[in-house]
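Asks: Coordinates only, no sequence provided:
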């Protein structure tokens, strides 16, 4: 049995290396993934094929990079803080978090959240 931290590490490594086969091997047949966009709820992808296709398209764009900044795991759940770069500066990137559940050594659920520009009425 593979623990959550190991599964998440292997998934992130496969993503960073653009290894679609390795990534797909870590995705549960019943996976559900909710993307960070479009706001407010994100697009849902249900089933391994749909999730792998979405992630594979991100991996295909060689002008981007995915940087893991921190991983926390407990039980079946992990939180991964990351930066997705689509240019050389932080202004050409987005900071986000994936909340991921692992079952039997494979990703079965992933919920994406990002920092996005906008005009929320927050206190200063």
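Replies: Right, received. Where do you want to start? As the structure is a prediction and not an experimental result, all values here were calculated from the model.
Asks: The residue minimising distance to the centre of the chain pairs with what?
Replies: By Cα atoms, centre = their mean, the chain has its centre lying nearest to residue 98, at 5.1 Å. Beta-bridge partners recorded for residue 98 (DSSP bridges): residue 80, residue 112.
Asks: can I assume it is in contact with residue 80?
Replies: Yes: Residue 98 lies in contact with residue 80 (Cβ atoms under 8 Å); the separation is 4.7 Å. Quick note: C-beta positions are derived from backbone N, CA and C, even for glycine.
Asks: which regions of this protein lie under the pLDDT threshold?
Replies: In the predicted model of the chain, residues 1-2, 117-124 satisfy pLDDT under 70.
Asks: same thing but 80
Replies: For the chain, applying pLDDT under 80 flags the ranges 1-2, 116-124.
Asks: Helices along that one, start to end?
Replies: 4-17, 20-25, 48-60 (DSSP state H).
Asks: Dump those helices to TSV, plus distance to residue 37.
Replies: Below are those laid out as TSV (distance: least, Cβ to Cβ, whole Å):
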stretch	distance to residue 37
helix 4-17	18
helix 20-25	20
helix 48-60	11
